[in-house]
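Peer 1: turn this into a model:
(2 chains)
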Amino acid sequence: MLTPSKYWRESPQRYRLEAAKCTKCGKVFFPPRLVCDSCKNGEFEKTTLPDEGKIVSYSMIHVTASNFSDEAPIALGIIELDNGTKITAQVTDCTEDELAVGVPVKLEFRKVQEAGESGVLCYGYKAVLKR
Amino acid sequence: MEGIVGYGAYIPRNRIKVEEIAKVWGADAPSYKKGLMLEEKSVPSPDQDVITMSVEAGRYAVKRAGVDPKEIGAIYIGSESHPYAVKPSGTVVAEALGATPDIHCADYEFACKAGSEGMFVCFGLVRAGLIKYGMGIGADTSQGAPGDALEYSASAGAAAFLFGNDGVIATVDATHSYMTDTPDFWRREYQNYPRHGGRFTGEPAYFKHTLGAARAILEKTGLTAKDFRWATFHQPNGKFPLRAGKILGFDKEQLEQGWLVPRLGNTYSGASPIGLTAILDVAEPGERILMVSYGSGAGSDAFVFTVTERIKEVQDLAPKTRDQLDNNKRYLEYGEYAKFRGKIRKIEE
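Peer 2: Next comes the predicted model:
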C-alpha cells in the first residue's frame, strides 16, 4: 500500500513523466537517479518523456490484488516511448485480444490505486491503445 | 479583449444503452427513448473520475492555447462528484498540468452549474487583471440511483476552458447569472445518490432559470436568436434544451451541434460546457455562440461568445468532442456497468 508521503514524492514522475537527463552523456533516467550509471556524472537536467509509444511486452493478471479486483483481468505492459525510454505501466480500457507486441499506445492520467476505503487516492499514468 | 484561449473535452469510451438499463428494471425502453430523447450514455472506467477526466481535458486546453502552464493563475473545477469529500481536486489537476505552485485553486459545487461557475470566475479574474490565464473545468461522473429515471441519463465527461486576453479564440462579449432558491434536486451529506422533485424539475426549475438567464443576456446585449450561429443549453435530457431553444427562437440547426445528450447522457457539470467544445470544434471566425448552463438549487449562467480568426489554428490540435463521442466506443452490459459504478455491495477486505 502506498503511503501519502511515498506517493507525494513520486508525483513529478507519475503526474508529469518528469525524467532526469545526464548533463554529461545525455542518458535519460526514469525515475531519476543520483548518479549516471554510464559516465558516473552526478548532474542532471529535468526532461519530460513523450506520452506516446508502443507495447514491447505485456502480461495479463487474472488474479489481482484486492484493490484491482474491479478491473480484473488487468494488463501490465512494458512500453517503449517514442524517445526509446521503456516504462512499466498498466494497459487499461482494453481486452486481452486487442493486445499485441508493437501496438501503439498513449499515456493517460488515471487512478492507479486507492489506499482502502478511506485512504489516499493515487493517480498517475496508464497506457491506452491508440485506436 | 478577454475570452477563451484554449479548450478541451474528454469523454470516456464506455457506453450503456437505454435498452440495457430498462431490461434490468422491467421498464419500457421505447417510452424512455421517446420521452427523454436518450439512446445511450457514457460510463467512466473504474480508474476514471473527475480528477482524471479534468486532467485530460485540461491538457487538451493547454495544447490548443499553446501557453506555458506556469502562467496559469487559477484552476477551478466544478463538479458534484469530486473524488474526495475533503481535499481539493484542483491541486491534483494543477500539479499534473505543471501549473503549481503559484496558482489559486478551488473546487466548486452548484449541482450541474458548477462548471460554468469556474468559467465565470476565471473570466472575471482575467478581466480584472489579477491573473494572466485561468482554467475553468466542468466535470462529473454523475450519480443516478439504480432504477431511478436519472440512471438512464447520468453519465461522465469533462470540459476545460482556459481564459486569457492573449491569443483569444472566442471573446466573452457578455455574461449574466440568474438564480433563486428552488429545491428541485439535491443530495444530502453521506448519501450516494441524489433525489429530485420529478416534474417540479421542469417549469419552475430548469425552464425558469435557463430562460431567465437567456432572456436577460439577450436584453443586455440587444441581440436576438437570429444574431447567433450556435446555442447550447444545459442538457439533462434530449427534450429540455430543444424546447428551451425553441421558446427563445432558435431553430434545430443552431442547436444540434452542441446537443450531445442523446448519445452522451447528462454529464451534469460538464453538460453545456462539453456542448460548447463541440461547437468550437466546427465554429468559423465571426460566429456568435450563446451558452446557458443550469444547476439545480437553482440557477443559470449565460455567456455570449464571438469566435475569432485564431479558432482555425487550434481546432485540430487536440481530439474533437464529436470524434470522442462517435468513435472508439465499448458497450457494457448492466452487470459490468454496475461494477464500474460501484453499485454492487461487496465484502470489505
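
Peer 1: quickly note the distance from the residue nearest to residue B:146 when sequence neighbours are not counted to chain A.
Peer 2: Of all residues not flanking residue B:146 in the chain, residue B:343 sits nearest, at 5.8 Å (Cβ to Cβ, 6 or more residues apart in numbering or on different chains). The C-beta positions use only the backbone N, C-alpha and C, and glycine is treated the same way. According to Cβ to the nearest Cβ, to the nearest Å, residue B:343 stands 11 Å off from chain A.

Peer 1: enumerate the residues of the stretch 201-349 of chain B near chain A.
Peer 2: With Cβ under 8 Å from any Cβ of the partner chain as the criterion, the stretch 201-349 of chain B meets chain A at residues B:327, B:328, B:330, B:339, B:340, B:342, B:348, B:349.

Peer 1: pull the most distant pair out of those.
Peer 2: B:327 and B:348 (38.5 Å; Cβ to Cβ).

Peer 1: quick one, which of those two is more surrounded?
Peer 2: A count of neighbours by other Cβ atoms under 10 Å in any protein chain shown puts residue B:327 above the other of residue B:327 and residue B:348, at 11 against 7.

Peer 1: OK, contacts around the more buried one?
Peer 2: Going by Cβ atoms under 8 Å, 6 or more residues apart in numbering or on different chains, residue B:327 touches residue A:131.

Peer 1: need phi/psi at it.
Peer 2: Torsion angles at residue B:327 (phi, psi; degrees, to the nearest 10) stand at phi -110, psi 160.

Peer 1: and it, what pLDDT?
Peer 2: Residue B:327 is assigned 95 on the pLDDT scale.

Peer 1: likewise residue A:1?
Peer 2: 60.

Peer 1: the one 5 residues further on too?
Peer 2: Looking at residue A:6, its pLDDT reads 90.

Peer 1: tell me which element it falls in.
Peer 2: helix A:4-9 (DSSP states H and E).

Peer 1: how about that helix and chain B, touching?
Peer 2: No - on the criterion Cβ under 8 Å from any Cβ, helix A:4-9 is out of touch with chain B, staying 9.8 Å away.

Peer 1: just the CA coordinates for that helix, please, in PDB.
Peer 2: Output of helix A:4-9 as PDB, limited to C-alpha atoms (Å, rounded to 0.1, in the frame of the first residue of the first chain):
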ATOM      1  CA  PRO A   4       0.800   9.500   1.300                       C
ATOM      2  CA  SER A   5       4.500  10.600   1.600                       C
ATOM      3  CA  LYS A   6       5.800   8.000  -0.800                       C
ATOM      4  CA  TYR A   7       3.000   8.800  -3.300                       C
ATOM      5  CA  TRP A   8       3.700  12.500  -3.000                       C
ATOM      6  CA  ARG A   9       7.500  12.000  -3.600                       C
END
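
Peer 1: pull out the buried positions in that helix.
Peer 2: Buried residues in helix A:4-9, counted by 16 or more other Cβ atoms under 10 Å in any protein chain shown: residue A:7.

Peer 1: does any bit of the very next helix or strand once past that helix sit next to chain B?
Peer 2: With elements assigned by DSSP H and E, the helix or strand that comes after helix A:4-9 is helix A:11-16. Yes - applying Cβ under 8 Å from any Cβ, one finds that helix A:11-16 is in contact with chain B at A:11, A:15, A:16.

Peer 1: which residue is the nearest non-sequential neighbour of the second one?
Peer 2: With sequence-adjacent residues excluded and distances taken as Cβ to Cβ, 6+ apart, residue A:15 is closest to residue B:96, at 4.2 Å.

Peer 1: show me what the longest strand seen in chain B is packed against.
Peer 2: The single longest strand within chain B, with elements called by DSSP state E, is strand B:170-182. Other helices and strands packing on strand B:170-182, by 3 or more Cβ pairs under 8 Å, 6 or more residues apart in numbering or on different chains; DSSP states H and E, are strand B:3-10, helix B:114-128, helix B:208-221, strand B:297-307.

Peer 1: still on that earlier bit, contacts for the helix holding residue A:6?
Peer 2: Here helix A:4-9 makes contact (Cβ under 8 Å, 6+ apart) with A:14, A:120, A:122.

Peer 1: let's see that with 7 Å instead.
Peer 2: A:120, A:122 (Cβ atoms under 7 Å, 6 or more residues apart in numbering or on different chains).

Peer 1: show me the domain layout of chain B.
Peer 2: Chain B breaks down by automatic domain parsing into domains covering B:3-169+B:313-337, B:170-307.

Peer 1: residues contacting residue B:5?
Peer 2: Shown in contact with residue B:5 (Cβ under 7 Å, 6+ apart): B:65, B:67, B:133, B:162, B:163, B:164, B:166, B:167, B:168, B:169.

Peer 1: check these and tell me the two furthest apart.
Peer 2: Within the contacts of residue B:5, B:133 and B:169 form the most distant pair, 13.0 Å apart (Cβ to Cβ).

Peer 1: for the closest residue to residue B:225 other than its chain neighbours, what are phi and psi?
Peer 2: The spatially closest residue to residue B:225, leaving aside those adjacent along the chain, is residue B:249, at 3.5 Å (Cβ to Cβ, 6+ apart). Main-chain torsions, residue B:249, degrees, to the nearest 10: phi 100, psi 10.
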